[in-house]
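Engineer: Sequence plus predicted model, see below.
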Amino acid sequence: MSNDAATTATPPAVDGPPQEPAAHGIGASLPQADARAKTEGTFPYASDLWAEGLLWAAVLRSPHAHARIVSVDASAALEMPGVRAVVTQQDIPGDGAYGKRIADRPVFATDVVRHHGEAIAAVAADHPDTARLAAAAIAVEYEPLEPVTDPEQAFAAEPLHPDGNLIRHIPLQYGDPEAVGEVIVEGLYRIGRQDPAPIGAEAGLAVPRPDGGVELYVASTDPHGDRDLAAACLGLEQDRVKIVVTGVPGATGDREDPGFQLPLGLLALKTGCPVKLTATREESFLGHAHRHPTLLRYRHHADAEGRLVKVEAQLLLDAGAYADSSSESLAAAVAFACGPYVVPHAFVEGWAVRTNNPPSGHVRGEGAMQVCAAYEAQMDKLAAKLGLEPHEVRLRNALATGDILPTGQTVTCPAPVAELLRAVRDYPLPPLPRDTPEDGWLLPGGIEGAGEPGAVRRGVGYALGMVHMLGAEGTDEVSTATVKVQDGVATVICAAVETGQGFATLARQIVQETLGIEDVRVAPVDTDQPPAGPAAHGRHTWVSGGAVERAAKMVRTQLLQPLAHKFGMSTELLQIADGKITSYDGVLSTTVTEAMDGKELWATAQCRPHPTEPLDESGQGDAFVGLAFCAVRAVVDVDIEIGSVRVVEMAVAQDVGRVLNPAQLTARIEAGVTQGVGAALTENLRTARGLLRHPDFTGYALPTSLDAPDIHIVKLVEERDVVAPFGAKPASAVPVVTSPAAIASAVRAATGRPVNRLPIRPQAAVATPNA
């Protein structure tokens with residue numbers, strides 16, 4: 001694919017990937033099929049669903065972070081007119097607990113409440129207001145207990161769970177522990193609790209089935225995983241539970257926590273009626289998982305030239321009350337604790353512990369984002385101590401293909417780290433404020449802020465980040481897809497959920513490219529289809545896209561074989577383009593429709609990448625299928641008197657493997673950068689003694705369009721990963737990981753302050769008197 005931004009270090013005339021002339025197929029900017037409906041507000045989400053005889057659900061949640069439940073009395077709720085059922089943990093017919101790798105979380109708390117907002121009971125009634133009033137009428141007697149909210153105290157505290165407070169410990173050991181560098185820098189860093197903040201809050205509809213089972217209509221991002229979990233908790237066979245995926249109103253983490261789905265299914269089974277739940281924004285904040293707050297201690301050793309000798313680190317992840325995906329997040333944090341740099345010796349200890357804080361779980365870039373902020377701060381300290389430019393010390397240590405990670409895994413995929421960094425370094429800087437008109441809204445803090453132009457300082461910062469692709473540590477990554485063609489229409493059947501990442505569009509492009517059919521449709525997702533796995537870590541682009549490609553190629557062979565046999569040539573000598581089949585010599589020329597001759601062709605295929613292995617007792621192992629990298633240069637203006645920060649520009653260079661859809665790729669990178677701006681400056685779900693403070697979009701500040709900086713995609717490196725279908729890499733997570741570290745680096749440059757906490761607080765951006 002022609003791409004000026006990917007072939008030269010000079011800035012392109014237009015940011016981002018160029019638009020290809022092709023109208024369809026791989027490489028075209030094909031729009032999403034549902035884009036118009038979503039724009040016009042006619043696209044159906046779970047909150048829009050309806051069923052005859054519908055009941056409404058409400059969940060009673062704990063007002064305490066830690067308490068003993070003395071008694072639960074639902075009699076007042078059951079006496080209210082319109083109330084049809086109340087359920088608690090005693091009504092769970094199957095397994096009483098659920099979880100991703102560790103089933104440690106009850107559907108409803110029984111003896112002990114372990115976090116603020118934990119579900120106690122659920123109600124079904126004939127009106128949503130009645131359901132909420134009935135839930136509030138359930139009398140619960142609590143004996144408040146002292147919450148454990150400091151993860152460092154969790155090691156010595158009384159066990160908060162029968163499984164103890166320690167979820168996982170990884171002591172990574174690589175190289176010589178006695179190695180010492182000529183230059184040593186140390187740092188202590190804290191990363192706050194970021195919420196996935198989906199635009200649409202959780203909602204769902206449960207419909208009982210004649211066979212005693214239940215159908216759940218929810219915005220699941222892992223329908224088969226949720227189906228299996230629901231079946232176990234509800235005491236049903238898996239084939240009696242069906243998940244039907246509705247429209248997904250935003251997903252930068254897991255959607256529809258089972259804590260929302262399971263009460264719905266239980267109430268539908270108990271009442272024999274459809275039951276609907278639509279969460280309020282407060283319930284959404286209380287009920288789903290957040291990014292792991294993390295405490296990080298680092299010591300970097302380097303030689304006099306700035307080359308890294310050894311990295312020592314301690315990482316402590318606050319998992320909240322239950323394990324969820326903390327084990328996976330910790331593995332990513334430990335494995336990437338040194339960043340995309342060559343480190344001969346590394347000793348990293350990581351822990352994930354239970355506390356009485358809100359639960360943590362999968363949020364885009366989990367584990368990798370937290371350590372990126374810390375190791376990049378260390379690189380800035382190292383550069384300052386050695387008198388080097390921040391980008392120079394990074395270039396001297398940049399990872400490349402063939403190097404070895406601290407986990408002992410060799411980097412076999414393309415790793416153009418130095419190339420990415422040079423691209424953002426060489427991109428022209430934006431003009432200084434004095435060279436532009438003095439518009440008040442361009443000041444840090446905005447037009448209503450108290451900032452003064454004379455107090456504004458500009459800073460430029462750099463960061464390099466990395467993420468892993470697909471699951472890790474032995475996860476069986478497999479997806480199945482079916483492609484059917486009849487009457488000139490191709491249909492893709494695959495249980496890969498479209499979460500906004502563009503899979504449904506990619507599937508259409510793959511079939512268009514392979515079969516030359518313009519009209520391609522993607523079937524709705526449910527668990528009657530074979531599993532495709534969760535929508536995370538770019539896996540659907542790789543695994544599900546690979547399955548669609550294989551199935552389409554099998555249909556292509558079925559289509560071309562009769563023609564090849566008739567004309568005495570191999571199918572490899574025939575090509576399909578723009579709905580026509582032609583031979584290499586021009587002897588054969590026909591349309592796909594004529595070749596189909598009314599027949600239905602179909603094929604089913606699977607895609608499974610090469611296996612990985614768990615990290616061993618020393619943190620060693622080939623744990624990852626592949627890696628993706630990103631470089632970001634941030635330019636900020638800081639009012640050094642009041643600490644207000646405005647992100648002026650973000651220059652991004654990214655390792656994408658291959659551009660499959662230029663418009664979607666640009667949108668994904670820009671969205672990831674903007675999410676990173678929130679993590680760096682505004683987004684922090686604060687707690688007081690384990691209680692969420694202001695669980696709404698007034699107290700939790702998402703970046704708005706006024707906060708979004710100019711984002712310039714200055715280079716996309718299209719060096720294909722040979723083991724990946726199409727050679728493409730995931731695009732969304734790595735800019736989220738890298739952007740906060742770059743912004744913190746720029747604020748350090750502007751203020752001279754260390755900036756060791758995210759999000760950056762105003763007091764941390766106030767310059768010292770001699771800065």
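Structural biologist: Sure, I can see it.
Engineer: residue boundaries of the strands in the stretch 201-350 of the chain?
Structural biologist: 203-208, 214-218, 241-245, 275-278, 294-302, 308-320, 345-354 (DSSP state E, counting those that start in this stretch).
Engineer: wait, which of those strands is closest to Gly408?
Structural biologist: Nearest to Gly408, of all the strands of the stretch 201-350 of the chain, is strand 345-354, at 10.3 Å by Cβ to Cβ. Just so you know, the C-beta spots here come from the backbone N, C-alpha and C atoms, and that holds for glycine as well.
Engineer: Count residues in the vicinity of Ile581, would you?
Structural biologist: The number of residues packed near Ile581 is 21, by other Cβ atoms under 10 Å.
Engineer: what's the host helix or strand of it packed up against?
Structural biologist: Secondary-structure assignment from DSSP states H and E places Ile581 in strand 580-583. In terms of contacts (3 or more Cβ pairs under 8 Å, 6 or more residues apart in numbering; DSSP states H and E), strand 580-583 is packed against helix 545-567, strand 574-577, strand 589-591, helix 592-596.
Engineer: Format the ones you listed as CSV; extra columns: distance to Leu470.
Structural biologist: Written out in CSV, the entries for the helices and strands packed on strand 580-583 read as follows (distance: least, Cβ to Cβ, whole Å):
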stretch, distance to Leu470
helix 545-567, 11
strand 574-577, 30
strand 589-591, 38
helix 592-596, 33
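Engineer: highest average neighbour count across those?
Structural biologist: Looking across those with neighbours counted as mean count of other Cβ atoms under 10 Å, the highest average goes to helix 545-567: a mean of 20.
Engineer: Dump the helices and strands packed on strand 580-583 to a markdown table, plus distance to Tyr341 and mean pLDDT.
Structural biologist: Supplementary listing: these in a markdown table, determined by distance: least, Cβ to Cβ, whole Å; pLDDT from 0 to 100:
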| stretch | distance to Tyr341 | mean pLDDT |
| --- | --- | --- |
| helix 545-567 | 31 | 90 |
| strand 574-577 | 45 | 83 |
| strand 589-591 | 55 | 83 |
| helix 592-596 | 51 | 82 |
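Engineer: contacting residues around Ala631?
Structural biologist: By Cβ atoms under 8 Å, 6 or more residues apart in numbering, the residues touching Ala631 are 417, 420-421, 423-424, 462-465, 652-654, 738.
Engineer: CA-only coordinates of the strand holding Ile581 in CSV, if you can.
Structural biologist: The C-alpha trace of strand 580-583 is given here as CSV (Å, rounded to 0.1, in the frame of the first residue of the first chain):
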residue,chain,number,x,y,z
LYS,A,580,-15.8,-10.7,-12.4
ILE,A,581,-13.8,-13.9,-12.7
THR,A,582,-11.0,-13.8,-15.3
SER,A,583,-8.1,-16.0,-16.3
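Engineer: Now do that strand: distance to the chain's middle.
Structural biologist: Remark: strand 580-583 is offset 42 Å from the chain centroid, using Cα atoms, centre = their mean, to the nearest Å.
Engineer: quick one: Thr541 and Ala507 touch, right?
Structural biologist: No: between Thr541 and Ala507 there is no contact under Cβ atoms under 8 Å: 10.2 Å.
Engineer: quick revisit: sheet partners, orientation included, of the strand holding Ile581?
Structural biologist: Strand pairing for strand 580-583, determined by DSSP bridges: strand 574-577 (antiparallel), strand 589-591 (antiparallel).
Engineer: what about these, which gets the closest to Val647?
Structural biologist: Smallest distance to Val647 across these (Cβ to Cβ): 44.5 Å, for strand 574-577.
Engineer: Dump the closest one to PDB, keeping only the CA atoms.
Structural biologist: Coordinates of each C-alpha in strand 574-577 appear next as PDB, following Å, rounded to 0.1, in the frame of the first residue of the first chain:
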ATOM      1  CA  LEU A 574      -8.000 -17.300 -12.000                       C
ATOM      2  CA  GLN A 575      -8.600 -14.000 -10.300                       C
ATOM      3  CA  ILE A 576     -11.700 -12.300  -8.900                       C
ATOM      4  CA  ALA A 577     -12.100  -8.600  -9.000                       C
END
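Engineer: Would you pull up how far that strand lies from the middle of the chain?
Structural biologist: From the chain centre to the centre of strand 574-577 is a distance of 38 Å (Cα atoms, centre = their mean).
Engineer: what number of residues lie near the residue lying closest to Thr407 once chain neighbours are set aside?
Structural biologist: With sequence-adjacent residues excluded and distances taken as Cβ to Cβ, 6 or more residues apart in numbering, Thr407 is closest to Ala335, at 5.0 Å. The burial metric for Ala335, expressed as a neighbour count using other Cβ under 10 Å, is 29.
Engineer: cool, the one 5 residues further on as well?
Structural biologist: Here the neighbour count serves as a burial measure; for Pro340 (other Cβ under 10 Å) it reads 29.
Engineer: and what of Thr698?
Structural biologist: Applying the criterion other Cβ under 10 Å, we find 8 residues in the vicinity of Thr698.
Engineer: how much space is there between it and Gly579?
Structural biologist: When distance is defined by Cβ to Cβ, to the nearest Å, Thr698 is 53 Å away from Gly579.
Engineer: that older thread, please tabulate the strands paired with strand 580-583 in CSV and include distance to Pro106 as additional columns.
Structural biologist: What follows is the strands paired with strand 580-583, written out as CSV (distance: least, Cβ to Cβ, whole Å):
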stretch, distance to Pro106
strand 574-577, 55
strand 589-591, 60
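Engineer: Among these, which comes closest to Ala679?
Structural biologist: Scanning those with Cβ to Cβ as the criterion, the closest one proves to be strand 574-577, at 44.4 Å.
Engineer: ok, residues contacting that closest one?
Structural biologist: Strand 574-577 is contacted from outside by 514-516, 556, 559-560, 563-564, 581-584, 588, 592, using Cβ under 8 Å, 6+ apart.
Engineer: Redo the residues you listed as CSV? Include distance to Asn356.
Structural biologist: Formatted as CSV, the contacts of strand 574-577 follow (distance: Cβ to Cβ, whole Å):
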residue, distance to Asn356
Thr514, 53
Leu515, 55
Gly516, 59
Arg556, 57
Leu559, 61
Leu560, 63
Leu563, 68
Ala564, 67
Ile581, 65
Thr582, 68
Ser583, 70
Tyr584, 69
Leu588, 71
Val592, 61
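Engineer: of all the residues you listed, which comes closest to Leu691?
Structural biologist: Here the nearest of the contacts of strand 574-577 to Leu691, counting by Cβ to Cβ, is Thr514; it sits at 54.3 Å.
Engineer: for the residue lying closest to that closest one once chain neighbours are set aside, what are its contacts?
Structural biologist: If you skip the residues right next to it in sequence, Thr514 has Ala552 as its closest partner in space, 3.9 Å away by Cβ to Cβ, 6+ apart. By Cβ under 8 Å, 6+ apart, the residues touching Ala552 are Val483, Ala490, Ile510, Val511, Thr514, Leu515, Ala603.
Engineer: can you redo the residues you listed as a markdown table with pLDDT and neighbour count?
Structural biologist: Below are the contacts of Ala552 laid out as a markdown table (pLDDT from 0 to 100; neighbours: other Cβ atoms under 10 Å):
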| residue | pLDDT | neighbour count |
| --- | --- | --- |
| Val483 | 96 | 31 |
| Ala490 | 92 | 26 |
| Ile510 | 93 | 28 |
| Val511 | 93 | 29 |
| Thr514 | 90 | 22 |
| Leu515 | 89 | 22 |
| Ala603 | 96 | 18 |
